[in-house]
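1. kindly return the folded structure for what I paste below:
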Amino acid sequence: MSRYEVLKKSFIAGRLLEVGEEVEYSGIAGSNLKLIGGDDAKPDTGALVDGASGDSGEVVTNTVISGSGDTVDSSLEALREQYTQLFGKAPHHNMGADKMRTAIDERRKELAI
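-> Numbers count the residues shown, from 1 in each chain. I've put the predicted structure just below:
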């Protein structure tokens with residue numbers, strides 16, 4: 001296991017880790033982790049995450065999702081714009097892409113577009 005410093009607030013191995021905390025991690029480190037050690041320190045690139053078998057293809061990612069809305073997918077923004085144009089109002093802020101596509105398709109059928 002290698003020792004890492006947390007660079008961004010991350011959820012790793014079932015725990016929420018704050019910036020600056022140190023963690024021992026046997027998986028492949030993402031950009032949120034910085035290897036602690038000298039120049040000769042090497043990350044464990046061949047190690048598996050607890051519970052993962054060698055041929056399962058399981059991958060662990062350390063993704064921090066911003067609640068500010070700045071990281072909204074551009075295709076989701078395009079769907080919201082289409083929804084607003086067809087219905088004359090913005091979709092509910094929790095409406096998912098699949099539900100928006102369905103509503104847009106139904107509205108287009110009604111309007112024969």
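2. quickly list the domain ranges of the chain.
-> 1-64, 74-111 (automatic domain parsing).
3. which parts of the last one are buried?
-> Which is domain 74-111. L79, R80, Q82, Y83, L86, P91, M100, A103, I104 (16 or more other Cβ atoms under 10 Å). Heads up, the C-betas are built off the backbone N, CA and C, glycines and all.
4. other SSEs contacting the helix or strand containing the first one?
-> Spelled out, that is L79. L79 is located in helix 74-87, with elements delineated by DSSP states H and E. Using 3 or more Cβ pairs under 8 Å, 6 or more residues apart in numbering; DSSP states H and E as the contact test, the elements touching helix 74-87 are helix 97-111.
5. residues in contact with the helix it packs on?
-> D73, S75, L76, L79, R80, Q82, Y83, L86, F87, P91 (Cβ atoms under 8 Å, 6 or more residues apart in numbering).
6. orientation of it relative to helix 74-87 in degrees?
-> Interaxial angle of helix 97-111 relative to helix 74-87 (axes from the mean of the first three to the mean of the last three Cα atoms, to 10 degrees): 30 degrees.
7. where in this structure is pLDDT low?
-> 38-74, 113 (pLDDT under 70).
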